[in-house]
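Asks: predicted model follows, preceded by the sequence.
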Amino acid sequence: MHRDEAVRRLKQIEGQDLRTLARDCGITILSESGRVNKGWAGHVFERYLGLPLNSAQSPNFGSWELKSIPLKRLTSGVLSFKESMAITMIDEYHVRNTPFDGSHLLSKLKKAVIVARVVGSDYSKPTFVHSVTSVELSGDLYELVRADYELVQECLNDPQKGFLALTGAMGVYVQPRTKGKGHGSVSRAFYARPRLLGRFIDLGERPRNRHG
């Protein structure tokens, strides 16, 4: 499926409650043990577009990447990014030896489609599709993200630092953060900071349930 077609289809569900779409697509929000299924929202969008669930490091539609992020409403009433957005795992060997132009980070990010949704206090609350945004990484922003990637490269290639020295404090737009829960996790992934997401996503209000 071409990215433009996917964006067109996804925009048709802006304003809808994603829980209803999950039911229609056969995606369960809760597991049999009662835990919230991690990534259920992204799975709904993939299933809606006819894509088998896939965690490969290549873009999941071949030439572009589908991402989903939650938004939260602050006490002031305005919307904010709830968290940073996972982009791709950091493969130490690959990042150490691959320039930014050939990186997994760039292949995932430069042609991404991001679906933002407004979430409630827990899974039982309505979660509305806020907006669908196409990412075009170019110009000064391309160079800024490249600088963050090369900072990670420099750390990996420094014999005094290395993989375990990567920390979420690094990077202006993209950070190399621990992947997974707990202090014992050694995995790292690239995450887009809200500062980067805000370059593409307008957090202005959108109509709810506009499709009924």
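Replies: Received the coordinates, thanks.
Asks: my reading is that Asp122 lies in a strand. Confirm?
Replies: No - Asp122: not assigned to a strand; according to DSSP: H, G, I helix; E, B strand; the rest coil it is coil.
Asks: so it versus Ser33, what's the distance?
Replies: Applying C-beta to C-beta, to the nearest Å, the value for Asp122 to Ser33 is 16 Å. (Glycine included, C-beta is placed from N, CA and C.)
Asks: any idea how far the longest helix seen in the chain is from the chain center?
Replies: Counting residues, the longest helix found in the chain (DSSP state H) is helix 139-157. Put simply, helix 139-157 sits 19 Å off its chain's centre (C-alpha atoms, centre = their mean, to the nearest Å).
Asks: can you tell me the element Pro199 falls in?
Replies: Check again: residue 199 is Arg, not Pro. Secondary structure assignment for Arg199, by DSSP states H and E: no helix or strand.
Asks: need the contact list for the closest residue to it other than its chain neighbours.
Replies: Computed as C-beta to C-beta, 6 or more residues apart in numbering, the closest residue to Arg199 that is not its neighbour in sequence is Leu141, at 6.1 Å. Neighbouring residues of Leu141 by C-beta atoms under 8 Å, 6 or more residues apart in numbering: 173, 196, 199.
Asks: can you select the buried ones from those in PyMOL?
Replies: Buried subset of the contacts of Leu141, written as a PyMOL selection, criterion 16 or more other C-beta atoms under 10 Å:
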select buried, resi 173+196
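Asks: re the thing from before, and the next element down the chain from the longest helix of the chain?
Replies: Following helix 139-157 in sequence order, the next helix or strand is strand 174-178 (DSSP H and E).
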